[in-house]
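Enquirer: can you look at this prediction? I've put the sequence above it.
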Amino acid sequence: MGLRLYNTLTLKVEPFSPANGNTVRMYSCGPTVYNYAHIGNLRTFTFNDTLRRWLRYRGFLLEHVMNITDVEDKIIRKSMELGVPMEQYTRKYEQFFLEDMATMRLEKPERIVRATEHIQEMVDLISTLAQKGFTYESDGSVYYRISKFPSYGKLSHHDFSGIQAGARVDNDEYDKDDARDFVLWKQRKGAEPCWDAPFGAGRPGWHIECSAMAMKYLGDTLDIHTGGVDLAFPHHENEIAQSEAATGKPFARFWLHCEHLHVDMQKMSKSLGNIYTLRELIDMGYSPEALRFVLMSVPYRKKLNFTLDSLKGAQSSIERLRNYKLRLQSGRLSDGLNESISELSRFALHKFEAAMDDDLNTAEALAAVFEYVRETNTLLDQGVFVAGNRAEALQLLARFDQVFAVLEPTMTAGLLDDSSIEALIAERTAAKKAKQFSRADDIRNQLLEAGIILEDTKDGVRWKRK
RNA sequence: GGCGCCGUAGCCAAGCGGUAAGGCAGAGGUCUGCAAAACCUUUAUUCGGCGGUUCGAUUCCGCCCGGCGCCUCCA
């Protein structure tokens, strides 16, 4: 049936393919780098990663751009409070963000672009909008006049006809002609960072950077634009207004929005103290893969209720898959090929792929894998799973992990190397044979303390790192 | 007030017209020198409540109850 994705623009699941050739041109709203990313942010970026990986799995090439917002009100305020140059401040958090992405095994977009390095493109775009009559100036700042863009609201499906033109929003420091209008260029204020422009020194509004950078690198019409649900309005709506007014062409064909993550049924907030960062969770002893698994196990359009229990559960789930892989690799199997098991393998892969094709239904894809694992574990117990079926089972795991990327453990330093472990295991086996059980148990405990778990199986001793 | 989402076992959660996936936890079992680990089995006559449509509804429609999001910065 092919890949289908839910499009916020149409509120429907639609068949997806790129507009031109085999390359998907995709833009994702990235982080504002003023703080550590929290797990809610990471959910959205993990969603981007899932989408990327699945598109590549399906044979598409990617031209994916993600922005770094490194000039913005909060950034300016905080860096000024600290008396640190804005760039120094943002680079630090940008670096933390990139590290977190790597820890979470998130593929890097083909381009990661900074807002501050594209001021000229933004100025040009604003000039184009000005030429076409979509802007006005007020108190030295430049605004977008939404009344000139009749389809405003088509993405978030809001009806703005009730909002009166001419209304003044008094809690805004700038004067606007219409409550919906938004700022394209903010006039310079005090010591804030600013850039020269034909319409006066100042800095860009938040929305313009995405339009300018997306179109610079990906052309007038993108295949996919992604972001968190909260960005649909007004940010993405404003991107559409800016871009389409300038080019007269549709800005993005597919808009994908990732739902929010809640913690213990509540929105994350400082006052509730329930904001988690990746680093905190790692300090608490959880693995990045476990967080990745939690974030991926709930389909991206559903709210995800995060709990520490779910993280523990995810760790167990991953262990189960790793154990299965270890069993496949180390087990002694009889020769031959069991055709009915091959059939089972093909069926499982088909279910996995069909689930992912269905708007990235990761929950169902996961179920297909676990079901296969359970069935083939039984067949392994019965001895009917034979050597010829090993490759297909490992391939299913490999394909699964191409997208989920949780099977490889994150290495912790300072542990025994493989050969010393093997030596101790051999010593323990010898002790057991000689009925020196206390010696054998000592070695077992010694290894356990070093984070090595032994498994006595029919085929001998198998070990793994905890 | 406007627009939209959700309510499925102890917990997370799929399914969305044909009679309830999967994971975690719990309980049993297999294996074992004892253990651990691992694996297997098992856990919802029922899908928030009440009506309606239908041969048939968790799935569609209406109402009600409960939770949430957006409409202002926010992943």
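Expert: Done, it's in.
Enquirer: might you list the low-confidence residue ranges for the stretch 101-250 of chain A?
Expert: Within the stretch 101-250 of chain A, the stretches with pLDDT under 70 are A:161-175.
Enquirer: recalculate using a threshold of 90.
Expert: For the stretch 101-250 of chain A, the stretches flagged by pLDDT under 90 are A:139, A:157-180, A:189-191.
Enquirer: and the helices in it?
Expert: A:119-131, A:208-218, A:237-247 (DSSP state H, counting those that start in this stretch).
Enquirer: ignoring the adjacent residues along the chain, who's closest to residue A:236?
Expert: residue A:155 (5.6 Å; Cβ to Cβ, 6 or more residues apart in numbering). All C-beta atoms are positioned from the backbone trio N, CA, C, and that covers glycine.
Enquirer: any idea how far the one you found is from residue A:43?
Expert: Distance, residue A:155 to residue A:43, using Cβ to Cβ, to the nearest Å: 21 Å.
Enquirer: I'd say residue A:15 and residue A:253 touch.
Expert: No - Residue A:15 is beyond contact range of residue A:253, at 11.6 Å (criterion: Cβ atoms under 8 Å).
Enquirer: could you give me the average pLDDT of the longest helix along chain A?
Expert: Longest helix of chain A, by residue count under DSSP state H: helix A:308-330. On average, the pLDDT along helix A:308-330 is 93.
Enquirer: and after that helix, which helix or strand comes next?
Expert: Going down the chain from helix A:308-330, the next helix or strand is helix A:339-357, by DSSP states H and E.
Enquirer: how many residues are close by residue A:18?
Expert: For residue A:18, the count of nearby residues is 20 (other Cβ atoms under 10 Å).
Enquirer: just the strands in the stretch 151-300 of chain A please.
Expert: A:182-187, A:202-204, A:222-228, A:252-258, A:261-263 (DSSP state E, counting those that start in this stretch).
Enquirer: for the stretch 1-150 of chain A, that is, sorry about that
Expert: Under DSSP E, counting those that start in this stretch, the stretch 1-150 of chain A gives strands at A:4-7, A:12-15, A:23-28, A:61-68, A:111-114, A:135-138, A:141-144.
Enquirer: also the stretch 351-466 of chain A?
Expert: Going by DSSP E, counting those that start in this stretch, the stretch 351-466 of chain A shows strands at A:452-457, A:460-465.
Enquirer: name the strands paired with the last one and say parallel or antiparallel.
Expert: The strands beside strand A:460-465 in its sheet (DSSP bridges) come out as strand A:452-457 (antiparallel).
Enquirer: what comes up buried for the partner strand?
Expert: A:452, A:454 (16 or more other Cβ atoms under 10 Å).
Enquirer: mind checking if that strand is in reach of RNA strand B?
Expert: Yes - applying Cβ under 7 Å from any atom of the strand, one finds strand A:452-457 in contact with RNA strand B at A:453, A:454, A:455, A:456, A:457.
Enquirer: my read: the first one touches residue A:463, true?
Expert: So the one you mean is residue A:453. Yes - Residue A:453 is within contact range of residue A:463, at 6.6 Å (criterion: Cβ under 8 Å).
Enquirer: overlap in contacts of the two?
Expert: Counting by Cβ atoms under 8 Å, 6 or more residues apart in numbering, the contacts common to residue A:453 and residue A:463 are residue A:447.
Enquirer: JSON lines for the residues of strand A:452-457 next to RNA strand B, including distance to residue A:25 and pLDDT?
Expert: Formatted as JSON lines, these follow (distance: Cβ to Cβ, whole Å; pLDDT from 0 to 100):
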{"residue": "A:453", "distance to residue A:25": "47", "pLDDT": "82"}
{"residue": "A:454", "distance to residue A:25": "51", "pLDDT": "80"}
{"residue": "A:455", "distance to residue A:25": "48", "pLDDT": "82"}
{"residue": "A:456", "distance to residue A:25": "54", "pLDDT": "81"}
{"residue": "A:457", "distance to residue A:25": "50", "pLDDT": "80"}
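Enquirer: which single one of the residues you listed is nearest to residue A:435?
Expert: When the residues of strand A:452-457 next to RNA strand B are compared for distance to residue A:435 (Cβ to Cβ), residue A:456 wins out at 15.3 Å.
Enquirer: tally of neighbours for the residue of the stretch 151-300 of chain A found nearest RNA strand B?
Expert: Nearest residue of the stretch 151-300 of chain A to RNA strand B (Cβ to the nearest atom of the strand) works out as residue A:228 at 1.5 Å. Other residues lying near residue A:228 total 19 when counted by other Cβ under 10 Å.
Enquirer: nearest residue to it other than its sequence neighbours?
Expert: Spatial nearest neighbour of residue A:228, excluding adjacent residues (Cβ to Cβ, 6+ apart): residue A:44 at 4.6 Å.
Enquirer: ok, residue A:158 next?
Expert: In space, residue A:158 comes closest to residue A:233 once its chain neighbours are excluded; the distance is 6.5 Å by Cβ to Cβ, 6+ apart.
Enquirer: mind listing what the one you found touches?
Expert: Going by Cβ under 8 Å, 6+ apart, residue A:233 touches A:155, A:156, A:158.
Enquirer: quick one: residue A:403 from residue A:124, how far?
Expert: 39 Å.
Enquirer: now do residue A:421
Expert: In terms of Cβ to Cβ, residue A:421 sits 61 Å off from residue A:124.
Enquirer: any chance of the helices of the stretch 101-250 of chain A in TSV, plus mean neighbour count and distance to residue A:188?
Expert: Formatted as TSV, those follow (neighbours: other Cβ atoms under 10 Å; distance: least, Cβ to Cβ, whole Å):
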stretch	mean neighbour count	distance to residue A:188
helix A:119-131	19	13
helix A:208-218	24	16
helix A:237-247	25	21
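Enquirer: closest one to residue A:100 among those?
Expert: helix A:208-218 (21.4 Å).
Enquirer: so the residue of the stretch 151-300 of chain A closest to RNA strand B sits against residue A:31, correct?
Expert: No - counting by Cβ under 8 Å, residue A:228 stays clear of residue A:31, with 10.7 Å between them.
Enquirer: residue A:429 against residue A:461, yeah?
Expert: Yes - using Cβ under 8 Å, residue A:429 is in contact with residue A:461, at 6.4 Å.
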